[in-house]
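# Sequence first, predicted coordinates after that:
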Amino acid sequence: MSTDLDQLARQRMRRARTVGALLAVLVAASAFILLRGNRQESEPAVPRPSASLTASATPATPAPASGYVAPARWTALPEARDRIGRDYPVGWPRTPQGAAAAAAAMFASVWNLDVSRATGAVDVYFGDGDQAASRRDAAASTAWLRELLALPRDGAPPPGATVAVQPLGVQWRIVDADNLFVSVAMRIDMIAGTAAPLQTLTVASTGHLRWQPGLRGGDWVVLRTPSARMPRPAFAEPGSAAFNRGRWRAIRPGG
């Protein structure tokens, strides 16, 4: 792929954090997510937004700059055609890339330090029958993120406190004309306040996306589907051999 795109991936690798404190946070996140994933296997409902519809989190293990491996697969994610309020992009094309963009938007919206925005994302992105349980999961996710950042469980987040989700790679499995399993590899940057240090998680999460022709003129919704029925690829950093072995597609900038 182009030199500019390869340079972006190299920069991502250089930004990966390897200090002991960060690894401790990553390990804690991995344990939480895997425990939630295992628990939901025995439940008739399914994926938790906080566990990203079945997620596995692992410490980033970037190769040295000399070990950079250019991504073998690339894709572009389309822009949304509309927004609901200022928080929720909607309206994606009926393509695998459109489903991947919808999944990435859902993850970015539901992982939030503001419980009203997190549960609001559930109302926008999840199917009607799955919203009640998913709202509870979204609230639990917000509480967990606040706990990681040593913030109070309730009330408005302090100034500067934020969670930013950046998709790094996607892959999908087509089930039929209306259903896809979409996996997104993401970096989650978290700051507890204006002067607080950056904390980072890396996570790979899978969601079941279904096309709904009567929703917003045609759009994707997320369904709660048992994790055992969905692929669960491990997170891998773009620019690593593991990224290519895992069949991830790097995301081309600019949509």
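In hand now; what should we look at?

# Pull the contacting residues for the closest residue to Asn112 other than its chain neighbours.
Spatial nearest neighbour of Asn112, chain neighbours left out: Ala118 (4.2 Å); criterion: Cβ to Cβ, 6 or more residues apart in numbering. In this view, the C-beta of every residue, glycine as well, is placed from N, C-alpha and C. Contact partners of Ala118, counting by Cβ atoms under 8 Å, 6 or more residues apart in numbering, are Pro49, Ser109, Val110, Trp111, Asn112, Ala138, Ala139, Ser141, Thr142.

# which one of the residues you listed is nearest Met230?
Nearest to Met230, judged by Cβ to Cβ, of these is Pro49 at 14.5 Å.

# Okay, and the residue nearest the centre of the chain sits in which element?
Residue closest to the mean C-alpha point of the chain, counted by Cα atoms, centre = their mean, is Phe107 at 4.3 Å. Element membership of Phe107 [criterion: DSSP states H and E] is helix 96-110.

# Which positions in that helix come out as buried?
Neighbour-count burial for helix 96-110, counted by 16 or more other Cβ atoms under 10 Å, picks out 96-110.

# sorry, back to before: kindly indicate which of the contacts of Ala118 lies nearest Leu223.
For those, the nearest to Leu223 is Pro49 (12.2 Å; Cβ to Cβ).

# how far away is the residue nearest to Asn112 from Arg229?
Distance, Ala118 to Arg229, using Cβ to Cβ, to the nearest Å: 25 Å.

# sorry, back to before: is the residue nearest to Asn112 in a helix, a strand, or coil?
helix (DSSP: H, G, I helix; E, B strand; the rest coil).

# tell me the pLDDT at it?
Looking at Ala118, its pLDDT is 96.

# List the contacts of Thr95.
So Thr95 contacts Pro78 (Cβ under 8 Å, 6+ apart).

# Could you check how many residues crowd around the closest residue in space to Ala195 that isn't next to it in sequence?
Among residues not flanking Ala195 along the chain, Gly160 sits closest, at 7.6 Å (Cβ to Cβ, 6+ apart). A count of neighbours around Gly160, defined by other Cβ atoms under 10 Å, yields 11.

# now Phe235
28.

# tell me which element the residue nearest to it when sequence neighbours are not counted is part of?
Distances taken as Cβ to Cβ, 6+ apart put Ala204 closest to Phe235, at 3.9 Å, once the chain neighbours are dropped. For Ala204, the enclosing helix or strand under DSSP H and E is strand 198-212.
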